[in-house]
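A.B. asks: Fold the following, please.
(chains A and B)
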Amino acid sequence: MAEAAESPGDPRTTSPRPLMRDLKAVGKKFMHVLYPRKSNTLLRDWDLWGPLVLCVTLALMLQRGSADNENDGGPQFAEVFVIIWFGAVTITLNSKLLGGNISFFQSLCVLGYCILPLTVALLVCRLVLLAKPGPINFIVRLFVVIVMFAWSIVASTAFLADSQPPNRKALAIYPVFLFYFVISWMILTFAP
Amino acid sequence: MKQALVDDTEDVSLDFGNEEELAFRKAKIRHPLATFFHLFFRVSAIVTYVGCDWFSRSFVGCFVTVLLLLSFDFWSVKNVTGRLMVGLRWWNQVDEDGKSHWIFEARKVSPNNITATEAEARIFWLGLIICPIIWIVFFFSTLFSLKLKWLALVIAGISLQAANLYGYILCKMGGESDISKAAASFLSQTVFQTACPRDFEKPGLEGLEIHKC
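C.D. replies: Residues are numbered from 1 along each chain as shown, chains lettered A, B, ... in the order given. As a prediction, the model looks like this:
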């Protein structure tokens, strides 16, 4: 309490309850991804908790193989992890090299949070896969994945496009497109 | 009658308050919970990583557990234990035009303020320094034994712990620009205790030093 009076600072650490603040911030960002609106305040308060949770969830659900097997989906788990984080870092470096006006961690934050629609798509796909396999099954999954893929792209460009100079927007956005495409591909071709 | 009652309760409450505060000031460790958690997550992460093969055969379970422990450790050291145990904090701020600033602060020492105790400070810094070193050892052992699937986890561990270490070192250094000089004097004070305990608290805590970069 005394610290808050001492100096203005990061509201997260001057508040006596940093845990609740951070949890609320994470929840707010998830809401922003679901209803994308241009909002400067969202970008300024970045955190990487959402991307971590989403990444772990995605990696856990994309595993093949049985639990008692020696080779229990280990490589696929680490693969998904590395693809997501390495991909996000590469896109961020790319946008910084193109003269983008966004900081490293902000960009990672946005890209990570916008994986949420694809995680939902994966959940839906797993449920659909419990039903009888066949062309209809595949068409439903394809439709869901395409819709969520478009949602991810829209959500991330709503935040990222503004930070680029106008003539470089396409150059900065196409790696994002590729990134979510690879993840969507992993989701679509998943078979337990 | 009533007056006497009021006087009695007043006396009792005053003494009680003083006693508590005195005990607090004399305690070797003022924030036992923070001290416990500072070490708990780091050490659990290391123990889980090392003992993985004995606890369960599942790579995924172990990976996720260690990663979660490392993340909780990062958050608690950055947001809670640094502030409570040594009065330092650091964070990132993005201003109106999108520029990001890293801010490092050290708490001002004043008679009203409850400052860090020597024991807490020593535990804090030793915990902060030793664990990344252990993770670096893990990195090399993983690399050379070719158990490459663990490499991602070890690299994550090193990054998270080194980030906290670096942040707090910058806070501690405050305005000093010569890293090697600051590191040498700091190491001698922490590990070898050549300086007297009063001096330990001085560097970097003279005023509210805000070091921006």
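
A.B. asks: Is the helix or strand encompassing residue A:26 in proximity to chain B?
C.D. replies: Assigned by DSSP states H and E, residue A:26 belongs to helix A:18-34. Yes - using CB under 8 Å from any CB of the partner chain, we find that helix A:18-34 touches chain B at A:18-19, A:22. C-beta: built from backbone N, CA, C; applies to glycine.

A.B. asks: Only the buried residues of stretch B:148-160, if you could.
C.D. replies: By 16 or more other CB atoms under 10 Å in any protein chain shown, the buried positions in stretch B:148-160 come out as B:150-158, B:160.

A.B. asks: Residue B:105: what secondary structure?
C.D. replies: Local secondary structure at residue B:105 is given as strand here, using DSSP: H, G, I helix; E, B strand; the rest coil.

A.B. asks: How about stretch A:102-109 and chain B, touching?
C.D. replies: Yes - using CB under 8 Å from any CB, stretch A:102-109 reaches chain B at A:102-106.

A.B. asks: er, stretch A:113-121 I mean
C.D. replies: No - taking CB under 8 Å from any CB as the criterion, stretch A:113-121 and chain B are apart, separated by no less than 15.7 Å.

A.B. asks: For that stretch, which residues meet the burial criterion?
C.D. replies: So, applying 16+ other CB under 10 Å, buried residues of stretch A:113-121: A:113-121.

A.B. asks: Let me know the average pLDDT across it.
C.D. replies: Mean pLDDT, computed over stretch A:113-121, is 93.

A.B. asks: starting at the chain centroid, how far to that stretch?
C.D. replies: In terms of CA atoms, centre = their mean, to the nearest Å, the centre of stretch A:113-121 is set 6 Å apart from its chain centre.

A.B. asks: In chain B, which helix is the longest?
C.D. replies: Secondary structure of chain B per DSSP state H: the longest helix is helix B:118-144.

A.B. asks: Please apply the same query to chain A.
C.D. replies: For chain A, the longest helix by residue count, based on DSSP H, is helix A:135-160.

A.B. asks: so what secondary structure elements neighbour it?
C.D. replies: Under the contact criterion of 3 or more CB pairs under 8 Å, 6 or more residues apart in numbering or on different chains; DSSP states H and E, helix A:135-160 touches helix A:104-113, helix A:116-129, helix A:169-188.

A.B. asks: Select only the buried ones of the residues of helix A:18-34 next to chain B in PyMOL?
C.D. replies: Here is the PyMOL command that selects the buried residues among these (16+ other CB under 10 Å):
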select buried, chain A and resi 18+22
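
A.B. asks: Out of the residues of helix A:18-34 next to chain B, flag the one nearest to residue B:130.
C.D. replies: Nearest to residue B:130 among the residues of helix A:18-34 next to chain B is residue A:18, at 25.2 Å by CB to CB.

A.B. asks: How many neighbouring residues does the closest residue to that closest one other than its chain neighbours have?
C.D. replies: What sits nearest to residue A:18 in space, not counting adjacent residues and going by CB to CB, 6 or more residues apart in numbering or on different chains, is residue B:79, at 4.5 Å. Neighbourhood size, residue B:79 [other CB atoms under 10 Å in any protein chain shown]: 20.

A.B. asks: Is residue B:79 in contact with residue A:17, as I believe?
C.D. replies: No - if you go by CB atoms under 8 Å, residue B:79 and residue A:17 don't touch, sitting 10.4 Å apart.

A.B. asks: re the thing from before, ok, which of the helices and strands packed on helix A:135-160 comes nearest residue B:131?
C.D. replies: helix A:104-113 (22.7 Å).

A.B. asks: Can you list the buried residues in that closest one?
C.D. replies: Neighbour-count burial for helix A:104-113 flags A:106-113 (criterion: 16+ other CB under 10 Å).

A.B. asks: And stretch B:90-110, by the same measure?
C.D. replies: Neighbour counts over stretch B:90-110 (16+ other CB under 10 Å) mark B:90-92, B:94, B:98, B:103-107 as buried.

A.B. asks: again with stretch A:46-61
C.D. replies: Result for stretch A:46-61 [16+ other CB under 10 Å]: buried residues A:46-56, A:58-59, A:61.

A.B. asks: Output the set of residues of chain B in proximity to chain A.
C.D. replies: Counting by CB under 8 Å from any CB, the residues of chain B near chain A are B:57-60, B:63-64, B:67, B:71, B:75, B:79-80, B:83, B:89, B:91-95, B:97-100, B:103, B:105, B:107-108, B:112-113, B:149, B:152, B:208.

A.B. asks: Could you find the closest non-adjacent residue to residue B:123?
C.D. replies: residue B:35 (5.8 Å).

A.B. asks: Distance of the one you found relative to chain A?
C.D. replies: 17 Å (CB to the nearest CB, to the nearest Å).

A.B. asks: Could you say which helix or strand holds that residue?
C.D. replies: Assigned by DSSP H and E, residue B:35 belongs to helix B:32-50.

A.B. asks: Can you report the mean pLDDT over the residues of that helix?
C.D. replies: Helix B:32-50 shows a mean pLDDT of 90.

A.B. asks: Which strands or helices does it pack on?
C.D. replies: Looks like helix B:32-50 contacts helix B:59-76, helix B:118-144, helix B:151-173 (3+ CB pairs under 8 Å, 6+ apart).

A.B. asks: Can I get those in a markdown table including mean pLDDT?
C.D. replies: Output for those, formatted as a markdown table (pLDDT from 0 to 100):
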| stretch | mean pLDDT |
| --- | --- |
| helix B:59-76 | 91 |
| helix B:118-144 | 91 |
| helix B:151-173 | 90 |
